[in-house]
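**Student:** Below are the sequence and a predicted model; questions follow.
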Amino acid sequence: MSFQAYLDNIEAKTGKTPNEFIELAKAKGFDEPKVKAGVIVDWLKEDFGLGRGHAMALVHVIKNGPTIDDKHVGSDGSHRDETDTLRLDGVANRSADT
């Protein structure tokens, strides 16, 4: 599953876009460098019922923004993405060709 697919699945499950999660995390101070991933994972599990893999995908975008490592971009593996920039604005905001 691609990184983008993880984020899209989270949106389908929770009704919240990655950008909405980023804002919620900022309001809690979870975007601060000193906040450990485990704190964020616990919050996402408790409040939104997310498992560790999906929560860690959100940890990445909360801490690092939309850019991902390009090692899977254009690859033929199961974790491939089309670009090194994730869409955080939600599935409904994409045109049919993006």
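**Tutor:** Thanks, I have it. These numbers were taken from a predicted model, which means no experiment stands behind them. Numbers count the residues shown, from 1 in each chain.

**Student:** nearest residue to the residue positioned nearest the centre of the chain other than its sequence neighbours?
**Tutor:** Central residue of the chain (C-alpha atoms, centre = their mean): residue 58, 3.5 Å from the mean position. Closest residue in space to residue 58, ignoring its immediate chain neighbours: residue 21 at 5.3 Å, by C-beta to C-beta, 6 or more residues apart in numbering. Heads up, the C-betas are built off the backbone N, CA and C, glycines and all.

**Student:** Am I right that that neighbour is in a helix?
**Tutor:** Yes: counting by DSSP: H, G, I helix; E, B strand; the rest coil, residue 21 is found in a helix.

**Student:** Pretty sure it sits against residue 60.
**Tutor:** No: counting by C-beta atoms under 8 Å, residue 21 sits too far from residue 60 to count as a contact (11.2 Å).

**Student:** Of these two, which one has the most company?
**Tutor:** Neighbour count, other C-beta atoms under 10 Å: between residue 21 and residue 60, residue 21 has more, with 27 against 20.

**Student:** one step back: please name the residues that touch the residue nearest to the centre of the chain.
**Tutor:** For residue 58, the contact set (C-beta atoms under 8 Å, 6 or more residues apart in numbering) comprises 7, 10, 18, 21, 25, 40, 44, 50.
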